[in-house]
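[1] Next comes the sequence, and after it the predicted model I'd like to discuss.
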Amino acid sequence: MEFQLLTVFVVLSTLQFDLTLSQNCNEVPTFNISDCCKFPDIASEKMVHKIKQELAKTPNQSKYLKACRFYEKLFKRCDIVNSDNQIDKAAARKYFDAQIADDDWKQIFADAVDECIDDINDEDFPTNSRCDVRFIAAYECISLYAFRNCKDSDFTDCNQCNTAKDFAENCDGTRSMSRYLNNQICDCL
């Protein structure tokens, strides 16, 4: 019996070791996930351009602060923020359903909203008068979910993209994931 338990332990340890070797969470992909997955447009170019113009009026902000303010403005312009400054899950689902033409992508984004929004609204984010980080967190969560579930027909099947997808699927909850998400922040201006 002890030999069988030891054998099971050795086999499980080997499997864990193999999984760790196949995806090194310390090696953070540095390219944008939108280069690997053709996401549907979720906001009009006119809306995005107008927000960028507004942000250009306040120079000398960090890339992260600009991105944070960009996504805060975007969520509000899409009318998916309620009077308590929380993301309205029903409004977000309705918005994505109206904005996205492809039924598979509609379902992916609906599932992303279900996966992300309650946790983000329940999170006690630090208060910052310059930007509410819940919106960039929501963008990152929804984008990451959509990337993990990218339709095969919209996914670029190459080593670089497969590595990024493996990282996104296997390294959630690590410090490296924070660095990975920081790589995804738009250059808003």
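    Perfect, thanks for sending it. Owing to the predicted nature of the structure, the values given are computational and were not obtained by experimental measurement.
[2] now this structure, which segments are flagged as low pLDDT?
    Counting by pLDDT under 70, the chain shows low-confidence ranges at 1-23, 127-128, 174, 183, 185-189.
[3] what ranges do the helices span in it?
    Per DSSP state H, the chain has helices spanning 2-22, 45-56, 63-77, 89-99, 103-122, 134-148, 159-170, 175-184. These are given in chain order.
[4] Which of those sits closest to Val28?
    When the helices of the chain are compared by C-beta to C-beta, helix 175-184 sits nearest Val28, at 4.8 Å. Every residue, glycine included, has its C-beta placed from N, CA and C.
[5] quick one: contacts of that closest one?
    25-33, 64, 140, 143-144, 167-168, 171 (C-beta atoms under 8 Å, 6 or more residues apart in numbering).
[6] what does stretch 145-165 give?
    29, 31, 33, 35-39, 102, 104-105, 108-109, 111-112, 115-116, 168-169.
[7] and what of stretch 30-44?
    74, 77-78, 96, 99-102, 105, 109, 143-144, 146-147, 150, 154-156, 158, 160-161, 164-165, 168, 183-184.
[8] Quick check on these: which are buried?
    74, 78, 96, 99-100, 105, 109, 143-144, 146-147, 150, 155, 161, 164-165, 168, 184 (16 or more other C-beta atoms under 10 Å).
[9] number of nearby residues for Asn170?
    By other C-beta atoms under 10 Å, the residues close to Asn170 number 15.
[10] Likewise for Ser153?
    8.
[11] quick one: it from Asp104, how far?
    9 Å (C-beta to C-beta, to the nearest Å).
[12] Over to Ile80?
    21 Å.
[13] more crowded one of those two?
    Between Ile80 and Asp104, Ile80 has the larger neighbour count (other C-beta under 10 Å), namely 23 against 14.
[14] Pull the contacting residues for that one.
    With C-beta under 8 Å, 6+ apart, Ile80 has these contacts: Ile87, Asp88, Ala91, Ala92, Tyr95.
[15] Contacts only, for Cys68.
    Applying C-beta under 8 Å, 6+ apart, the residues near Cys68 are Arg130, Cys131, Asp132, Val133, Phe135, Ile136.
[16] If we ignore the residues flanking it in sequence, what's nearest it?
    In space, and not counting its chain neighbours, Cys68 is closest to Cys131: 3.9 Å by C-beta to C-beta, 6 or more residues apart in numbering.
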